[in-house]
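Asker: Sequence and predicted structure below; questions after.
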Amino acid sequence: MNILFLAPNPPYPPNSGAKIRNFNLIKIISKYHDISVLFLVRPGEIEDVSGLEKYCTVYPLPFQTKKYGRLKSLLSRNPYETMLSCYSPKIQEQISHIINHNNFQILHVESLLMSAYVKNISTIPKVYDAHNIESDILYRTFINKFSTRSVLTFLDYLKNKKHEQDAIRSFDACISVSENDSKRLRAMGAQNLMMLPNCVDLDHFYPVERKDFSPNIVFTGLMNWYPNVDAIKSFCRDAYPVLKEKIPQIKFYAVGRNPISTLKNLEKNDIFITGEVPDVRPFISNSDVCIVPLRIGGGTRLKILEYFAMEKPVISTSIGAEGIDAIDGKHLIIEDDISKFPDRINELLNDTEYAGYIAKNGRKLAEEKYSWDQYGEKLSQLFSNIAINLT
């Protein structure tokens with residue numbers, strides 16, 4: 001089959017959660033079908049297709065965010081964060097031209113941001129991959145951050161509820177990343193629902209012998225995504241000072257690209273906001289504990305699966321571990337009170353046998369349930385089924 005894969009950002013290099021998922025989906029789809037990948041490229045974003053071209057045909061489309069777009073969106077019935085921030089009539093023309101001049105049998109749409117570009121297409125089967133339930137993220141952001149901007153977030157949440165539901169109902173099939181998200185999508189009217197969790201490349205992430213034995217903890221992720229920003233701020237405010245008092249030599253590394261200025265301002269007292277690094281694996285391998293103090297989010301956390309694959313003990317909130325079939329005390333430690341993270345970290349540092357036990361169980365879980373390769377055939381079957389049903 002000939003498949004068009006639409007994404008709001010370049011899938012390569014795979015250096016953030018959505019990009020990692022998209023890149024790996026492209027790889028597994030390419031084993032079964034011909035695939036073309038269309039994505040938006042913003043000013044300053046690197047248009048690197050070197051890692052994509054051996055799997056697919058590439059359509060990079062330059063995109064410029066509208067000036068004062070958020071303020072102008074107040075006059076629209078459509079949400080800003082999940083539609084207007086990414087929509088352009090010019091891009092619509094380009095996408096329509098590409099679709100009309102190629103014989104695509106499936107349109108595979110990544111994220112709600114791209115759904116508006118295909119909403120009027122009814123002759124080609126459409127599959128929606130829901131990385132998150134966007135309404136849930138907007139609501140959690142609102143309740144955790146009250147400010148002038150949070151009022152705009154709440155208005156966006158109200159607009160998005162209808163937009164997300166209408167979009168989901170317009171697709172011939174939907175993909176969720178967790179059982180919880182499947183329930184939410186089903187309630188919104190999703191049809192032909194398949195659960196395809198975030199997974200991890202076990203050949204890339206694997207246990208490595210430590211080179212630095214000084215005590216340190218690690219968090220990885222995109223550093224301008226609000227749920228990650230909130231997690232780091234809350235940990236540095238509510239947990240790290242106590243942890244530093246308990247273990248004076250401890251260091252905290254927040255590893256990831258595009259750190260906002262308020263995070264860079266936290267760099268003191270052995271807190272390191274690294275910015276973009278060539279490879280996150282050395283930071284993970286040299287850590288004693290990997291933490292996921294998320295209070296906002298949805299979907300499945302790729303970072304936890306990477307920690308599991310590298311056989312590292314993990315402490316996470318319930319929200320941070322959402323969508324992963326992990327057992328508290330066996331595969332990781334769940335702690336929803338950020339102020340208690342120092343106690344949990346200290347317990348693992350003092351009980352290396354137990355830390356090793358949950359680390360090995362985490363790696364085993366990743367091997368058994370979260371390898372990308374096991375989902376290629378299932379996804380291919382979904383494409384075939386909806387193509388047959390529409391003909």
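Answerer: Yep, that arrived. Just so it is clear, the structure is predicted and the values come from calculations on it, not from any experiment.

Asker: In stretch 168-188, which of the residues would be classed as buried?
Answerer: 168, 170-178, 180-182, 184-185, 188 (16 or more other C-beta atoms under 10 Å). For the C-beta atoms, the positions are set from N, CA and C on the backbone; glycine is no exception.

Asker: ranges for the helices of the stretch 51-200 of the chain?
Answerer: With DSSP state H, counting those that start in this stretch as the criterion, the stretch 51-200 of the chain has helices at 69-72, 89-100, 134-144, 148-169, 179-187.

Asker: Let me know which of these is tucked in deepest.
Answerer: helix 134-144 (a mean of 20; mean count of other C-beta atoms under 10 Å).

Asker: Point out where this structure drops to low pLDDT.
Answerer: 46-47, 66-76, 78-84, 139, 141-153, 298-300, 390-391 (pLDDT under 70).

Asker: Quickly list the domain ranges of it.
Answerer: Listed domain ranges for the chain are 2-197+373-390, 216-369 (source: automatic domain parsing).

Asker: doesn't Ser214 fall inside a helix?
Answerer: No - counting by DSSP: H, G, I helix; E, B strand; the rest coil, one finds Ser214 to be coil, located in no helix.

Asker: The nearest residue to His33 once chain neighbours are set aside - how many residues pack around it?
Answerer: Excluding the flanking residues, the one nearest His33 by C-beta to C-beta, 6 or more residues apart in numbering is Met1, at 4.6 Å. If you count neighbours by other C-beta atoms under 10 Å, Met1 ends up with 15.

Asker: Next, work out how far apart Met1 and Gly275 are.
Answerer: 41 Å (C-beta to C-beta, to the nearest Å).

Asker: Mind giving me the packing neighbours of the helix or strand hosting Ala355?
Answerer: Assigned by DSSP states H and E, Ala355 falls within helix 352-369. Under the contact criterion of 3 or more C-beta pairs under 8 Å, 6 or more residues apart in numbering; DSSP states H and E, helix 352-369 touches helix 302-309, helix 341-350.

Asker: May I have the last one as CSV, with CA atoms only?
Answerer: Taking only C-alpha atoms (Å, rounded to 0.1, in the frame of the first residue of the first chain), the coordinates of helix 341-350 have been written out as CSV:
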residue,chain,number,x,y,z
PHE,A,341,11.1,12.2,46.5
PRO,A,342,14.2,12.8,48.6
ASP,A,343,13.2,9.9,51.0
ARG,A,344,12.5,7.6,48.0
ILE,A,345,15.8,8.5,46.3
ASN,A,346,17.7,8.1,49.6
GLU,A,347,16.2,4.6,50.1
LEU,A,348,17.4,3.5,46.7
LEU,A,349,20.9,4.9,47.2
ASN,A,350,21.1,3.1,50.6
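
Asker: Run through who's touching it.
Answerer: 215, 217, 235, 239-240, 242-243, 246-247, 288-289, 291, 293, 313, 315, 333, 335, 354-355 (C-beta atoms under 8 Å, 6 or more residues apart in numbering).

Asker: from those, which would you call buried?
Answerer: 215, 217, 235, 239-240, 242-243, 247, 288-289, 291, 293, 313, 315, 333, 335, 355.

Asker: Next step: those restricted to strands.
Answerer: Among the buried ones among the contacts of helix 341-350, the ones falling in strands (DSSP state E) are 217, 289, 291, 315, 333.

Asker: Can you tell me which of the residues you listed is closest to Pro89?
Answerer: Ile291 (43.8 Å; C-beta to C-beta).

Asker: Give the bridge partners for that closest one, please.
Answerer: Ile315 (DSSP bridges).

Asker: So it sits against Gly221, correct?
Answerer: No - between Ile291 and Gly221 there is no contact, the gap being 11.0 Å when judged by C-beta atoms under 8 Å.

Asker: which residues are common contacts for those two?
Answerer: With C-beta under 8 Å, 6+ apart applied, the contact sets of Ile291 and Gly221 do not overlap.

Asker: quick one, what contacts Asp212?
Answerer: Asn286.

Asker: so which of the domains of the chain gets nearest Glu209?
Answerer: Per C-beta to C-beta, nearest to Glu209 of the domains of the chain: domain 216-369, 7.6 Å.
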